[in-house]
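Engineer: coordinates only, no sequence provided:
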Ligand SMILES: NC(=O)c1ccc[n+]([C@@H]2O[C@H](COP(=O)([O-])OP(=O)(O)OC[C@H]3O[C@@H](n4cnc5c(N)ncnc54)[C@H](OP(=O)(O)O)[C@@H]3O)[C@@H](O)[C@H]2O)c1
């Protein structure tokens, strides 16, 4: 697949390298391509472009920007370039405030998630929440003593979720589909839970597993 990754931070670069390593063609989109000059030398097969160029390039899009900037980044990518495409939403609506006893703040409420807001503005985009509930270093080919971790996903489009669940399978995850976009109200806060052992005990290597 051609994958357009919107975002040049830890998540964007790790997922871009992961998609490339798993045989996909990748373009990373950023406002400032020059900031990736060193990274690009080590990842020579990955193309670098603007948000709009990466969105146009991708059959599958990954949204990996600062949560508060997600609408702005999608507008820069343009509705036309995103129209009808599956978009993996890896973002979290974290505020800039310091955590309180290890708990980060959100600028959304439990009545409306960030992904629902994005879905409302970009109505024909096929958003799938995924990769938001684990640290970037564990996203691709995770190895845990406890076995294969679970990625919780949700979204309104079944075909888009199948594409994402195939990617997760390729990256070494099992998928738990939690249903429609409203389930992002529960999946986004998993990032708060995931981060607590990090802030309290400097433990940043773990993932969730759904036992049945
Ligand atoms: N770090 C993790 O382990 C982790 C794990 C799960 C989920 N997440 C979520 O994944 C997302 C990315 O996290 P990150 O740690 O990789 O990096 P980040 O620092 O949260 O985001 C960096 C990206 O945000 C873009 N950005 C910032 N302000 C912008 C604006 N005003 N307009 C457009 N774009 C803007 C930057 O654009 P430029 O490229 O132009 O600089 C850059 O691509 C976040 O929503 C985060 O909550 C992070």
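Structural biologist: It's in. Given the structure is predicted, the values throughout are model-derived calculations rather than measurements. Numbering: from 1, shown residues only.
Engineer: from now on I want contacts and neighbour counts done on CA atoms only, so please keep to that.
Structural biologist: Fine.
Engineer: which parts of this structure sit against the ligand?
Structural biologist: Counting by CA under 6 Å from any ligand atom, the residues of the chain close to the ligand are 7-12, 30-32, 64-67, 69, 72-73, 90-92, 131-136.
Engineer: tell me the pLDDT of the residue lying closest to residue 174 once chain neighbours are set aside.
Structural biologist: Excluding the flanking residues, the one nearest residue 174 by CA to CA, 6 or more residues apart in numbering is residue 150, at 4.9 Å. If you check residue 150, the pLDDT there is 98.
Engineer: swap in residue 207?
Structural biologist: Predicted confidence (pLDDT) for residue 207: 98.
Engineer: now the residue nearest to the spatial centre of the chain. Nearest residue, chain neighbours left out?
Structural biologist: For the chain, the residue sitting closest to the mean C-alpha position, by CA atoms, centre = their mean, is residue 90 at 1.9 Å. By the measure of CA to CA, 6+ apart, the closest residue to residue 90 outside its immediate chain neighbours is residue 132, 4.5 Å from it.
Engineer: isn't the one you found right next to residue 189, touching?
Structural biologist: No - using CA atoms under 8 Å, residue 132 and residue 189 do not qualify as a contacting pair, with a distance of 9.2 Å.
Engineer: okay, helices next: where are they in this protein?
Structural biologist: 10-21, 37-42, 51-57, 70-77, 79-82, 114-121, 158-171, 184-187, 190-201 (DSSP state H).
Engineer: what is the third one packed up against?
Structural biologist: Of the remaining helices and strands, those touching helix 51-57 by 3 or more CA pairs under 8 Å, 6 or more residues apart in numbering; DSSP states H and E are strand 2-6, strand 25-29, helix 70-77, helix 79-82.
Engineer: how about the fourth one?
Structural biologist: If you count contacts as 3+ CA pairs under 8 Å, 6+ apart, helix 70-77 packs onto helix 51-57.
Engineer: for the helix it packs on, which positions count as buried?
Structural biologist: Going by neighbour count (16 or more other CA atoms under 10 Å), the buried part of helix 51-57 is 51-57.
Engineer: and those residues, which is closest to the ligand?
Structural biologist: Checking the buried residues of helix 51-57 against the ligand with CA to the nearest ligand atom, the nearest one is residue 51 at 8.3 Å.
Engineer: hmm, the closest one is touching residue 75, no?
Structural biologist: No - using CA under 8 Å, residue 51 makes no contact with residue 75, being 9.1 Å away.
Engineer: for the residue nearest to residue 90, what are its contacts?
Structural biologist: Counting by CA atoms under 8 Å, 6 or more residues apart in numbering, residue 132 makes contact with 89-92, 187-188, 191.
Engineer: out of the helices and strands packed on helix 51-57, which gets nearest to residue 127?
Structural biologist: Residue 127 sits nearest to helix 79-82 of all the helices and strands packed on helix 51-57, at 10.4 Å, using CA to CA.
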